[in-house]
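Q: give me a model of this one.
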Amino acid sequence: MYGGTVYHVSVDVAPIRRVDLALRFIADGVKESTFSNPKAIEEYLAEHLILSANNDPAAPSVKKKNELERIAQASR
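A: Below is the predicted model:
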């Protein structure tokens with residue numbers, strides 16, 4: 001960051017970092033979904049895990065992953 005400008009640079013990411021990011025995206029998606037909602041967190045977690053396993057774009061974690069990949073692709 002120079003003078004308030006952010007430069008996106010695509011880099012290779014370690015496999016453990018990819019797993020860490022995937023788990024974080026799933027946890028954030030579940031947290032967002034359950035906020036002020038009567039449905040149990042376990043139901044949302046199961047739902048998000050199934051959607052993420054199927055690589056369904058309806059899952060917030062998959063949306064976030066695709067967004068980051070798009071930004072990385074654009075910065076190459």
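Q: what is the lengthiest helix in the chain packed up against?
A: Residue-count comparison of every helix in the chain, with assignments taken from DSSP state H, identifies helix 15-34 as the longest. Contacts defined by 3 or more Cβ pairs under 8 Å, 6 or more residues apart in numbering; DSSP states H and E place helix 15-34 against helix 41-53, helix 60-74. The C-beta positions use only the backbone N, C-alpha and C, and glycine is treated the same way.
Q: in CSV, list those helices along with mean neighbour count.
A: Converted to CSV, these look like this (neighbours: other Cβ atoms under 10 Å):
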stretch, mean neighbour count
helix 41-53, 15
helix 60-74, 14
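Q: which stretch among those comes nearest residue 18?
A: The stretch from the helices and strands packed on helix 15-34 with the least distance to residue 18 (Cβ to Cβ) is helix 60-74; that distance is 9.3 Å.
Q: who touches that closest one?
A: Here helix 60-74 makes contact (Cβ atoms under 8 Å, 6 or more residues apart in numbering) with 8, 10, 21-22, 25-26, 28-29, 32-33, 48, 51-52, 55-57.
Q: please redo it, this time with the cut-off set to 6 Å
A: Taking Cβ atoms under 6 Å, 6 or more residues apart in numbering as the criterion, the residues outside helix 60-74 that touch it are 8, 10, 25-26, 29, 52, 55.
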